[in-house]
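> attaching a predicted model along with its sequence, questions to come.
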Amino acid sequence: MNIFLYQTTIENDIQINFNHFKTIFTRNFFDLFLAPELFLTGFDYKNINTHSTKNAEYLKIIQDLCLKYNKAFCGSFFWHEKNKYFNRSFFINNKGKIISTYDKVHLIPALNEDKYLTAGKKEKTLLYNDFLIGLSICYDLRFPEFFRKYAKKETHLIIVQAEWPKERIDQMLILAKSRALENQCWLLLTNAVNNCVEIEMGGNSIVVNPYGKVVLNLKQSISGKSFKIAKKEVLEFRNNFNALYSFSRK
């Protein structure tokens, strides 16, 4: 499967962010597009109500783009539902259908997320292009027990959407490699870059293979890049060195 990692600066104007996304989405070739956490707004809590309303409108446009260009999409948004706000990731298939959503389970106090948002209740998997995919968002990465739930299901690919600050980028890279290696799966992480709502983001969006090796790192680039992954690499590693099966099949 050919997956595009979208690394971008998140401006203070939602329309500018959407226009940049649309340009990149329509001009590149891939099967699945991965966007950073809250890629249209960043952590702009003071406008969370307005953003949530606009996000619903943009989500519908993205669904139409997926259908028109025969591409899938995964990205997170501020989302309002039943008088609560969530950091919600949507997975849209190449037919423009929402086939899964995931509400961020671990809210980060350092960014006041827990003061404005409601935490999700559980992990979420979906099947796409013969890959069993596990969804996660940023701070989730620090909780290995959360990802072991995906390992128990023998997930092939874990997606991490992030707004990870530059000052802690080394920690992000260590955690991402660890989550891939211990669960013997692909891990793709997309991060924002440069200034975002007065926080300097660290970029370094990465593809980590099942052996824990970084095979693509976008460093500080703006726009993104596609990378092809194969499920057979996951299965071969697990069969030859069955640490995950020893755990998942107890």
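Done, it's in. Just so it is clear, the model here is predicted, and its values are computed rather than measured.
> give the contact list for residue 245.
Going by C-beta atoms under 8 Å, 6 or more residues apart in numbering, residue 245 touches 154, 238. Every C-beta, even on glycine, is put in place using the N, C-alpha and C of the backbone.
> how far away is it from residue 130?
Noted for residue 245: a distance of 19 Å to residue 130, by C-beta to C-beta, to the nearest Å.
> worst-scoring helix or strand of this protein, pLDDT-wise?
In the chain, no helix or strand scores lower on mean pLDDT, DSSP states H and E than strand 193-196, which sits at a mean of 90.
> helices or strands next to it in the packing?
On a contact count with 3 or more C-beta pairs under 8 Å, 6 or more residues apart in numbering; DSSP states H and E, strand 193-196 meets strand 199-202.
> residue 2 reaches residue 31, doesn't it?
Yes - Residue 2 is within contact range of residue 31, at 4.7 Å (criterion: C-beta atoms under 8 Å).
> in the least confident helix or strand of the chain, which residues are buried?
Neighbour counts over strand 193-196 (16 or more other C-beta atoms under 10 Å) mark 193-194, 196 as buried.
> and what of stretch 39-55?
Buried, per 16+ other C-beta under 10 Å, within stretch 39-55: 39-45, 48, 51-52, 54-55.
> neighbouring contacts of that stretch?
Contacts for stretch 39-55 (C-beta under 8 Å, 6+ apart): 6, 8, 10, 12, 14, 17-18, 21, 58, 75-80, 85, 111-113, 116, 161, 163, 192, 196-197, 199.
> between the two ends of it, how far is it?
11 Å (C-alpha to C-alpha, to the nearest Å).
> how far does that stretch sit from the chain's center?
The chain centre lies 18 Å from the centre of stretch 39-55; the measure is C-alpha atoms, centre = their mean, to the nearest Å.
> hmm, back to that, please name the strands paired to the least confident helix or strand of the chain in the sheet, noting orientation.
strand 199-202 (antiparallel) (DSSP bridges).
> could you list every helix and strand that the helix or strand following the partner strand packs against?
Using DSSP states H and E, the helix or strand that follows strand 199-202 in sequence is strand 206-208. For strand 206-208, the elements it packs on are strand 2-5, helix 169-183, strand 186-191, strand 214-217, judged by 3+ C-beta pairs under 8 Å, 6+ apart.
> so what's the residue count around the nearest residue to residue 97 once chain neighbours are set aside?
Ranked by C-beta to C-beta, 6 or more residues apart in numbering and with sequence neighbours excluded, the top spatial neighbour of residue 97 is residue 63, at 7.5 Å. Residue 63 has 18 neighbouring residues, counting by other C-beta atoms under 10 Å.
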